[in-house]
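*Asks:* Build me a model from this:
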Amino acid sequence: MTRSRKPAEFRFRLYIVGHAPNSVRAVTNLIALCRQHLPDRHHIEIVDVLLEPQRGLADKIMLTPSLVKYSPAPLVTIIGNLSDDQIVLQSLGIAT
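*Replies:* Reported below is the predicted structural model:
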C-alpha cells in the first residue's frame, strides 16, 4: 500500500499598517494568490503594527507591508503590496 504524501502547508505572516492602501492591496493580493495556488494548504496571520507595534519591533519589521513565509523552509520575506504574482510565487518557491 502506498501512501500519498500530503503537500506542505504554507504559513504566512503579513505585517501591515492599518488601512493604508498598500496594506489593503497586500492583504487582497495574498488572499487571492493563496486561493488560486494553495487552496486548503495555507494559513495567513495578519499583524497590524499600529495595533501591535511591539510585534513588528520584535520581528525586526522595518517596512510594511511585509510578508514572511515561515513554512515550509526556507524563511522568506517579501516587502511590498504583492501585486506581481509571478515574482511573489517565484520568491515563495511556489510552482505554477
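*Asks:* Give me the pLDDT for A95.
*Replies:* Looking at A95, its pLDDT reads 79.
*Asks:* Assumed it was part of a strand.
*Replies:* No - according to DSSP: H, G, I helix; E, B strand; the rest coil, A95 belongs to no strand; its state is coil.
*Asks:* What count of nearby residues applies to it?
*Replies:* Number of residues near A95 (other C-beta atoms under 10 Å) recorded here: 6. C-beta here means a position set from N, CA and C on the backbone, and glycine is covered the same way.
*Asks:* OK, contacts around it?
*Replies:* Neighbour list for A95: L89 [criterion: C-beta atoms under 8 Å, 6 or more residues apart in numbering].
*Asks:* Distance-wise, check it relative to Y70.
*Replies:* 19 Å (C-beta to C-beta, to the nearest Å).
*Asks:* what's across from the closest residue in space to I44 that isn't next to it in sequence in the sheet?
*Replies:* Leaving aside its chain neighbours, I44 sits nearest to F12 (4.9 Å; criterion: C-beta to C-beta, 6 or more residues apart in numbering). F12 has these beta-bridge partners by DSSP bridges: I44, K69.
*Asks:* Tell me the predicted confidence for F12.
*Replies:* Reading off the model, F12 has pLDDT 98.
*Asks:* Quick check: it touching K69?
*Replies:* Yes - look at F12 against K69 with C-beta atoms under 8 Å: they come within range, at 5.7 Å.
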